[in-house]
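In: I would like to see how this sequence folds:
(one chain, ligands or ions: 1)
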Amino acid sequence: MAHELELREQTAALNRALPAAGLVTMHSGNASVYDPDSGKLFIKPSGMDYDRITPSEVVEVDVRTGRVFGSNKPSVDLPHHLFLYRNLPDVRSVIHTHSNYATAFAACLKPIPLCLTAIADEFGGEVPCAPYVGNEDDEIGRAILRYRNTAPAILLGNHGVFAWGPTGKAALKAAVMVEDVAKTVFLAHQLGQPQALPEEEARKWFDRYQNRYGQQPSILPLPLKQAG
Ligand SMILES: O=C(CO)[C@@H](O)[C@@H](O)COP(=O)(O)O
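Out: Numbers count the residues shown, from 1 in each chain. The predicted structure follows:
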């Protein structure tokens, strides 16, 4: 039970972080956390004011069967979260937003182009945009699998953003960074034509950021420049 409470607390805090990060307005968006040991996910109660989402209000769902526990109705996007957990084995958290700058790209069916080192760091390439699909059945989940690339995020045409990660913190960072780079690219377009970053350069930035950035132990010794 202690572990379930911890998962509920994580899910409630992650959902409350969405409006705090400026990623959602009113009831749009949602977040979930998945625990493979119990086979359960915990997700936002549909339509609930974010400031009312507490650990006890969070909705518990069995990922294998889709069975919902408790009296609260789960997010209408539960099918898409379920699809991603069932098909992306390393994912432990999924976030959906309608964040403004990224969703503006989605409204135009445009990917966020690889023109910033920050895009290379976090996503390794452009943030792709899937064509518009409806919200029935597994249409959204299948579109995400079909059009995703190395990035832990994707734009859904005419709809919004899906981001994911091995932890709630990683999924939140992906959702925040999608919106941040979308805003920068939008501003760049006011100044001129954003210039593409060479793929090889992007690979170097992505490798450093994913494997040696921050306080994580460097998994590779830094290449020492030869004297002379
Ligand atoms: O995009 C949508 C619905 O189209 C959802 O993100 C949004 O309405 C939030 O729904 P929930 O409150 O999570 O059921």
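In: SS state for the spatially most central residue of the chain?
Out: For the chain, the residue sitting closest to the mean C-alpha position, by Cα atoms, centre = their mean, is residue 163 at 1.4 Å. Under DSSP: H, G, I helix; E, B strand; the rest coil, residue 163 falls in the strand class.
In: roughly how far apart are it and residue 189?
Out: According to Cβ to Cβ, to the nearest Å, residue 163 and residue 189 sit 23 Å apart. Every C-beta, even on glycine, is put in place using the N, C-alpha and C of the backbone.
In: and what of residue 105?
Out: 11 Å.
In: neighbour count: those two, which is higher?
Out: residue 105 (21 against 10; other Cβ atoms under 10 Å).
In: the longest helix in the chain is where?
Out: Counting by DSSP state H, the longest helix found in the chain is helix 168-191.
In: contacts for that one, please.
Out: Helix 168-191 is touched from outside by 10-11, 13-14, 17-18, 21-23, 31, 33, 92-95, 97, 99-102, 104-105, 112-113, 115-116, 118-119, 122-123, 127, 151-153, 155, 161, 163-165, 194, with contacts defined as Cβ atoms under 8 Å, 6 or more residues apart in numbering.
In: that helix close to the ligand?
Out: No: using Cβ under 6 Å from any ligand atom, helix 168-191 stays clear of the ligand, coming no nearer than 12.4 Å.
In: what comes up buried for that helix?
Out: 168, 170-182, 184-186 (16 or more other Cβ atoms under 10 Å).
In: what's the answer for stretch 62-79, then?
Out: Neighbour-count burial for stretch 62-79, counted by 16+ other Cβ under 10 Å, picks out 63, 72, 74-75, 77-79.
In: just the residues contacting that stretch, thanks.
Out: 30, 32, 34, 39-41, 43-48, 57-61, 81-82, 85-86, 96, 135, 137-138, 140-141.
In: show the buried residues in those residues.
Out: Buried, going by 16+ other Cβ under 10 Å: 30, 32, 34, 40-41, 43-45, 48, 57-61, 81-82, 85, 96, 138, 140-141, out of the contacts of stretch 62-79.
In: just give me the neighbour total for residue 14.
Out: For residue 14, the number of neighbouring residues by other Cβ under 10 Å comes to 26.
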